[in-house]
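Peer 1: sequence unavailable; structure follows:
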């Protein structure tokens, strides 16, 4: 039964995850919480680990959750389920690409999805920052270390942009965050 649950849960994520990995995080959270596979805190940690390891976040999360719930076969099933819709859509789009992109209705749908994806990504980011720095509504707990790291990252990002006139690389932000975590939380 767990294999079917993993397949259907991550197939749902793969089918409805528009906007890339960040847009998929709320959907992944919903699926994982509804099945009770991970706690909200553990899922937040796994999102951070998935972000800092090579590969797409959705695939990394699906592989980890599948592995933690049903071993190697669970990891394979969850990973296949999350990538299957994208794989099939890419095959279909490649076959119909030239005519589909010229279609005004397809362009209208894509333009309509952009604000939705931006809102989902922004809401997820705010939810994660507030959840990590101040806890949940039911259990408010100020995490001073997380607030310090968040302020450090925001200051680094804006300071770098102000002085160099370029955006700070996400890779460098991850390195700064990891170093700050080691210093603030202790090695």
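Peer 2: Cool, the structure landed. These numbers come from a predicted model, not from an experiment.

Peer 1: residues contacting residue 104?
Peer 2: If you count contacts by Cβ atoms under 8 Å, 6 or more residues apart in numbering, residue 104 has none. Yep, even glycine has a C-beta here, placed from its N, CA and C like the rest.

Peer 1: distance check, it against residue 111.
Peer 2: Distance of residue 104 to residue 111, computed by Cβ to Cβ, to the nearest Å: 10 Å.

Peer 1: which neighbours do the two share?
Peer 2: With the criterion set as Cβ under 8 Å, 6+ apart, the contacts of residue 104 and residue 111 do not overlap.

Peer 1: could you point out which element follows the helix or strand hosting residue 13?
Peer 2: Taking DSSP states H and E as the criterion, residue 13 maps to helix 2-16. With elements assigned by DSSP H and E, the helix or strand that comes after helix 2-16 is helix 20-35.

Peer 1: beyond that next one, next helix or strand please.
Peer 2: Taking DSSP H and E, what comes next after helix 20-35 is helix 40-52.

Peer 1: angle of the helix or strand just after that following helix against helix 2-16?
Peer 2: Proceeding N to C from helix 40-52, the next assigned helix or strand is helix 57-102, under DSSP H and E. Helix 57-102 runs at 40 degrees relative to helix 2-16, counting by axes from the mean of the first three to the mean of the last three Cα atoms, to 10 degrees.

Peer 1: any idea how far the following helix or strand past helix 57-102 is from the chain center?
Peer 2: Counting by DSSP H and E, the next helix or strand C-terminal to helix 57-102 is helix 104-134. Centroid separation for helix 104-134 versus its chain: 12 Å, with Cα atoms, centre = their mean, to the nearest Å.
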